[in-house]
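K.L.:
pasting the structure only:
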């Protein structure tokens, strides 16, 4: 079912103009808004792949990304964190974003091992549109593809940013109990939308919320936090905008949170 399997080398820089920052001794210059850059860890990449898969729920071929932390072989038996991207990203870019390095870094810092997996969704907040249903792809097809690889799909978590943060929260509401935890960076929500209307369904699912203080969404995200049926289990608000620079700084804490929930 797969074609074009590749092990990609990771770019340390993220986005146009991002500098490659060494973990030891790098000088991190603060921006005028107080935001620090978010470097990618200088850690090895494990088994990282981008494949092409036929998605029946989307009616098209999609990129399917997986990453296993270095030192854990092909990842058989490890739990899975499913990734939902923002509107400007695709799963083919996850290796360039440094996700494999962040994953190994989490394990080196003592987190329990897990794997990352994700596929390219649409641009409508992971909501179905006609015959294209990216949310069903995450709920039905991604676990099946992960099972083929030998990952433990009885332990699943969700992680998304911006549009993908909305999508991850909405998926957890609709399919209560599917995910052991949800980590959402700057979720692109609005008061009164479906995520706000159904937060009660998140009861029992640990939720982590992160948002930059200079992000236009910060007020909405704080309102979302207030509407949760239980206090958020992780997350923070710090200087930052709606950028990968800010999300990179949040990723280590989010991976620690997700690892702990997947291991329980």
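P.N.:
All right, it came through fine. Owing to the predicted nature of the structure, the values given are computational and were not obtained by experimental measurement. Residues are numbered from 1 along each chain as shown.
K.L.:
and residue 100, how close does it get to residue 150?
P.N.:
The gap separating residue 100 from residue 150 is 18 Å, by Cβ to Cβ, to the nearest Å. Bear in mind the C-beta positions are built from the backbone N, C-alpha and C, glycine included.
K.L.:
more neighbours, those two?
P.N.:
Counting neighbours by other Cβ atoms under 10 Å for residue 100 and for residue 150 shows that residue 100 has the greater number, 30 against 14.
K.L.:
now for that one: which residues touch it?
P.N.:
For residue 100, the contact set (Cβ atoms under 8 Å, 6 or more residues apart in numbering) comprises 10, 45, 46, 48, 67, 69, 116.
K.L.:
give me every residue that touches residue 47.
P.N.:
Residues near residue 47 by Cβ under 8 Å, 6+ apart: 7, 66, 67, 68, 72, 73, 74, 75.
K.L.:
for it, give me phi and psi.
P.N.:
phi -70, psi 100 (degrees, to the nearest 10).
K.L.:
if we can go back for a sec, by neighbours, which of the contacts of residue 47 wins?
P.N.:
If you rank the contacts of residue 47 by neighbour count (other Cβ under 10 Å), residue 67 sits at the top with 29 neighbours.
K.L.:
sorry, back to before: please pick the buried ones from the contacts of residue 100.
P.N.:
10, 45, 46, 48, 67, 69, 116 (16 or more other Cβ atoms under 10 Å).
K.L.:
Three-state assignment for the third one, please.
P.N.:
Using DSSP: H, G, I helix; E, B strand; the rest coil, the three-state assignment for residue 46 comes out as coil.
K.L.:
mind jotting down where the strands sit in the stretch 51-200 of the chain?
P.N.:
60-67, 79-84, 115-119, 152-161, 182-185 (DSSP state E, counting those that start in this stretch).
K.L.:
thinking again about what came up before, and the contacts of residue 47, which is closest to residue 91?
P.N.:
Distance ranking of the contacts of residue 47 against residue 91, using Cβ to Cβ, places residue 66 first at 9.6 Å.
K.L.:
the helix ranked longest in the chain versus strand 115-119: what angle between them?
P.N.:
In the chain, with assignment by DSSP state H, the single longest helix is helix 244-263. If you take axes from the mean of the first three to the mean of the last three Cα atoms, to 10 degrees, helix 244-263 sits at 120 degrees to strand 115-119.
K.L.:
ranking the strands of the stretch 51-200 of the chain by burial, who's on top?
P.N.:
Stretch with highest mean neighbour count among these: strand 182-185 (a mean of 30; mean count of other Cβ atoms under 10 Å).
K.L.:
neighbouring strands - and their directions - for that strand?
P.N.:
According to DSSP bridges, strand 182-185 forms sheet pairs with strand 152-161 (parallel), strand 207-212 (parallel).
K.L.:
what's stretch 50-66 in contact with?
P.N.:
1-6, 8, 47-49, 75, 83, 90-92, 94-95, 99, 115-122, 131-134, 136-137, 140-142, 145-146, 149.
K.L.:
state the mean pLDDT of that stretch.
P.N.:
On average, the pLDDT along stretch 50-66 is 98.
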